[in-house]
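**Student:** just the structure for this:
(one chain, ligands or ions: 2)
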Amino acid sequence: MIVVLRPDATESQIKHLVEKIKSLGLKPMISKGVERTIIGVIGEEDILRVQPLEIFPGVEKVMAILAPYKLVSREFRHENTVVNVDGVKVGGKKVVVMAGPCSVESRELLLHIAKAVKKSGAAILRGGAFKPRTSPYSFQGLGEEGLKYLKEAKVKTGLPVITELMDIRDLPLLEKYADVLQIGARNMQNFNLLKEVGLTKKPVMLKRGMSSTIKELLMSAEYILSNGNFNVMLCERGIRTFEEETRFTLDLSAIPALKRLTHLPVIIDPSHGTGKWGYVPAMAKAAVAAGADGLIIEVHPKPEEAFSDGVQSLLPDNFDKLMKDLKNIAKAVGRDI
Ligand code: PEP
Ligand code: MN
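**Tutor:** Ligands and ions are numbered 1, 2, ... in the order given. Predicted coordinates for the structure are as follows:
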């Protein structure tokens with residue numbers, strides 16, 4: 001249920017209403033828009049038949065949200081959500097490019113890549129310190145050491161950093177070092193992890209599971225918002241299909257679908273989405289043309305020596321060229337980069 005307040009509703013009217021909602025055993029989620037305030041009412045709504053909220057002073061109308069996801073829906077919030085990542089705004093006019101290695105491999109290499117991607121115009125540095133690998137024998141990431149290198153790269157370049165959170169027990173550590181908590185495709189339905197990041201205020205990038213529908217992605221995002229954290233961006237990173245030429249099938253139609261269904265920013269990952277560096281530029285350009293709010297791209301100066309995902313990593317020079325091309329595409333669709 002959403003309660004739309006009148007533009008002239010007073011603070012004390014809002015407070016009164018919020019207390020009433022709580023006393024009914026429901027959870028009020030307040031969204032203050034430019035013109036008016038909206039209160040999302042979460043919980044067992046049947047009680048509202050006995051206690052209609054329409055009669056409260058300051059209330060304009062009460063509407064049911066038909067979608068199973070409530071707080072992430074466009075019905076709940078009409079305007080686009082802009083997530084502030086330490087000064088970098090994701091979801092506004094500017095298309096935000098996050099770039100860096102798949103894994104943090106060493107201090108020197110990370111600093112080298114960070115400087116290169118910054119020079120080309122990336123706004124956020126990516127790099128995994130905890131890696132979800134298919135094989136337990138593959139490189140699992142440098143852990144806290146990797147997080148320290150990310151922090152140093154941030155200090156040296158000014159780029160905020162995004163890194164993956166795989167385990168609730170690592171949350172305090174990541175809260176200290178990361179600007180965006182990445183929830184990987186394999187953890188999209190790790191509901192306890194989602195609840196826990198929902199209790200923080202850190203920006204979260206939730207990646208779509210490789211076998212998950214758009215609705216399931218939105219339901220997972222709902223776990224985060226319903227626990228109080230509205231700083232969420234969604235990431236399409238390719239889904240499993242019968243196609244074998246690419247590692248996954250990058251679902252670009254998820255962009256207009258998500259833009260219609262939700263107010264949250266939409267990020268595209270053409271690196272994991274294709275699994276081959278040669279296909280990355282075309283998909284990155286198509287994503288910006290289709291209305292993506294951001295991209296996350298893997299970059300490595302020696303892909304053949306990378307500890308993970310070298311095959312899909314762009315050389316810094318190729319990334320630089322892509323950024324130049326993206327500027328033109330962004331301009332053509334009324335965006336900046
Ligand atoms: C990654 O970003 O390096 C990663 C592991 O992504 P995904 O969870 O989409 O596979
Ligand atoms: Mn990777």
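**Student:** in this structure, where's the longest helix?
**Tutor:** Scanning the chain for the helix with the most residues, using DSSP state H, yields helix 316-332.
**Student:** pick out the residue in the stretch 101-250 of the chain sitting closest to ligand 2.
**Tutor:** Residue nearest to ligand 2 within the stretch 101-250 of the chain (Cβ to the ion): residue 102, separated by 3.3 Å. Any C-beta I mention is one placed from the backbone N, CA and C, and that applies to glycine too.
**Student:** residue contacts, that residue?
**Tutor:** 127-128, 131, 271, 298, 300, 306-310, 312-313 (Cβ atoms under 8 Å, 6 or more residues apart in numbering).
**Student:** same question for residue 15.
**Tutor:** Contacts for residue 15 (Cβ under 8 Å, 6+ apart) come out as none.
**Student:** now do the SS call for it.
**Tutor:** Classification of residue 15 using DSSP: H, G, I helix; E, B strand; the rest coil returns helix.
**Student:** how close does whichever residue of the stretch 151-300 of the chain sits closest to ligand 1 sit to residue 321?
**Tutor:** Nearest residue of the stretch 151-300 of the chain to ligand 1 (Cβ to the nearest ligand atom) works out as residue 184 at 3.0 Å. Using Cβ to Cβ, to the nearest Å, one gets 28 Å for the distance from residue 184 to residue 321.
**Student:** okay, those two: which has more neighbours?
**Tutor:** residue 184 (22 against 14; other Cβ atoms under 10 Å).
**Student:** buried set for stretch 48-63?
**Tutor:** The neighbour-count check on stretch 48-63 (16 or more other Cβ atoms under 10 Å) flags 48, 53, 56, 58-59, 62 as buried.
**Student:** just the terminal-to-terminal distance for that stretch.
**Tutor:** This stretch, stretch 48-63, spans 11 Å end to end (Cα to Cα, to the nearest Å).
**Student:** right, is stretch 197-215 up against ligand 1?
**Tutor:** Yes - counting by Cβ under 6 Å from any ligand atom, ligand 1 has neighbours in stretch 197-215: residue 207.
**Student:** average model confidence for that stretch?
**Tutor:** What stretch 197-215 shows for mean pLDDT is 98.
**Student:** please apply the same query to stretch 326-337.
**Tutor:** Stretch 326-337 carries an average pLDDT of 97.
**Student:** could I get the full set of strands for the chain?
**Tutor:** 2-5, 27-32, 37-42, 59-63, 83-85, 88-90, 96-100, 124-126, 161-164, 180-183, 204-207, 232-236, 266-268, 294-298 (DSSP state E).
**Student:** residues near residue 79, how many?
**Tutor:** So residue 79, with other Cβ under 10 Å, has 12 neighbours.
**Student:** not counting its neighbours along the chain, what's nearest residue 164?
**Tutor:** Distances taken as Cβ to Cβ, 6 or more residues apart in numbering put residue 182 closest to residue 164, at 4.3 Å, once the chain neighbours are dropped.
**Student:** just the pLDDT at that neighbour, thanks.
**Tutor:** Listed pLDDT for residue 182 reads 98.
**Student:** quick one: residue 52 and residue 59 touch, right?
**Tutor:** No - counting by Cβ atoms under 8 Å, residue 52 sits too far from residue 59 to count as a contact (9.5 Å).
**Student:** so which bits of the stretch 101-250 of the chain are right by ligand 2?
**Tutor:** With Cβ under 5 Å from the ion as the criterion, the stretch 101-250 of the chain meets ligand 2 at residues residue 102.
**Student:** what parts of the stretch 101-250 of the chain come near ligand 1?
**Tutor:** Counting by Cβ under 6 Å from any ligand atom, the stretch 101-250 of the chain comes close to ligand 1 at 102, 128, 132, 184-186, 207, 237.
**Student:** could you dump these to a markdown table with distance to residue 226?
**Tutor:** Formatted as a markdown table, those follow (distance: Cβ to Cβ, whole Å):
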| residue | distance to residue 226 |
| --- | --- |
| 102 | 31 |
| 128 | 27 |
| 132 | 25 |
| 184 | 21 |
| 185 | 21 |
| 186 | 22 |
| 207 | 19 |
| 237 | 23 |
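**Student:** out of those residues, the closest to residue 75 would be?
**Tutor:** When those are ranked by distance to residue 75 (Cβ to Cβ), residue 207 comes first, at 24.4 Å.
**Student:** count of neighbours near that closest one?
**Tutor:** Each residue near residue 207 was counted by other Cβ under 10 Å, and the total is 26.
**Student:** is it true that it touches residue 183?
**Tutor:** Yes - applying Cβ under 8 Å, one finds residue 207 in contact with residue 183, separated by 6.3 Å.
**Student:** this protein: helices as residue ranges?
**Tutor:** For the chain, helices defined by DSSP H occupy the ranges 11-23, 107-120, 144-157, 171-177, 191-198, 214-226, 254-261, 270-274, 280-289, 316-332.
**Student:** gap between the last one and the chain center?
**Tutor:** This points to helix 316-332. 22 Å (Cα atoms, centre = their mean, to the nearest Å).
**Student:** helices or strands up against it?
**Tutor:** Here helix 316-332 touches strand 96-100, helix 107-120, helix 280-289, strand 294-298, going by 3 or more Cβ pairs under 8 Å, 6 or more residues apart in numbering; DSSP states H and E.
**Student:** partner residues bridging the residue positioned nearest the centre of the chain?
**Tutor:** Nearest to the mean C-alpha position of the chain, counting by Cα atoms, centre = their mean, stands residue 233 at 2.2 Å. Applying DSSP bridges to residue 233 yields these beta-bridge partners: residue 205.
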